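Q: Sequence and predicted structure are below.
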Amino acid sequence: AAALANNVPYHTFVRQMKGTALPKKRAHDNQALLNWSEKKALVKWVKYLGLTGHPVNKRTIRPKVQA
């Protein structure tokens, strides 16, 4: 009844109550190309490139991501 009253699918409601539903930010972590620490390192490197005046574009970043 609570799921219907709040317009939430039943199975979503049950997973929320059991605590097995993940937040949106973590729901698809297993599908991401980079994990959290790799992403953090990449951001740090891109900021460094920007501060040192090197151009940042997808040709610069792609080889590092695919390595």
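A: Everything's here; your move.

Q: For residue 13, which non-adjacent residue is spatially closest?
A: residue 3 (3.8 Å; C-beta to C-beta, 6 or more residues apart in numbering). (Glycine included, C-beta is placed from N, CA and C.)

Q: go on, residue 64?
A: Per C-beta to C-beta, 6+ apart, closest to residue 64 is residue 42, 6.6 Å.

Q: cool, residue 32 as well?
A: What sits nearest to residue 32 in space, not counting adjacent residues and going by C-beta to C-beta, 6+ apart, is residue 39, at 7.9 Å.

Q: And that neighbour, what's its pLDDT?
A: Residue 39 carries a pLDDT value of 89.

Q: what does the one 4 residues further on give?
A: Among the per-residue scores, residue 43 holds a pLDDT of 94.

Q: Kindly provide the distance from it to residue 13.
A: Going from residue 43 to residue 13 by C-beta to C-beta, to the nearest Å gives 36 Å.

Q: and what of residue 65?
A: If you go by C-beta to C-beta, the gap between residue 65 and residue 13 works out to 37 Å.

Q: Comparing those two, which residue is more hemmed in?
A: For residue 65 versus residue 13, neighbours defined as other C-beta atoms under 10 Å are more numerous around residue 13 (15 against 12).

Q: That one and residue 19: what is the separation?
A: Residue 13 is 12 Å from residue 19, by C-beta to C-beta.

Q: Could you do residue 47 as well?
A: 37 Å.

Q: for residue 9, same thing?
A: In terms of C-beta to C-beta, residue 9 sits 17 Å off from residue 19.

Q: okay, those two: which has more neighbours?
A: Using other C-beta under 10 Å, the more surrounded residue of residue 9 and residue 19 is residue 9, with 10 against 7.

Q: Skipping its backbone neighbours, what lies nearest that one in space?
A: Distances taken as C-beta to C-beta, 6+ apart put residue 3 closest to residue 9, at 6.9 Å, once the chain neighbours are dropped.

Q: pull the CA atoms of the helix or strand hosting the one you found into PDB?
A: Residue 3 belongs to helix 2-5 when assigned by DSSP states H and E. Extracted in PDB, the C-alpha atoms of helix 2-5 (Å, rounded to 0.1, in the frame of the first residue of the first chain):
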ATOM      1  CA  ALA A   2       2.900   2.400   0.800                       C
ATOM      2  CA  ALA A   3       4.400   1.800  -2.600                       C
ATOM      3  CA  LEU A   4       1.200   2.600  -4.400                       C
ATOM      4  CA  ALA A   5       0.500   5.700  -2.300                       C
END
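
Q: Okay then, goodbye and thanks.
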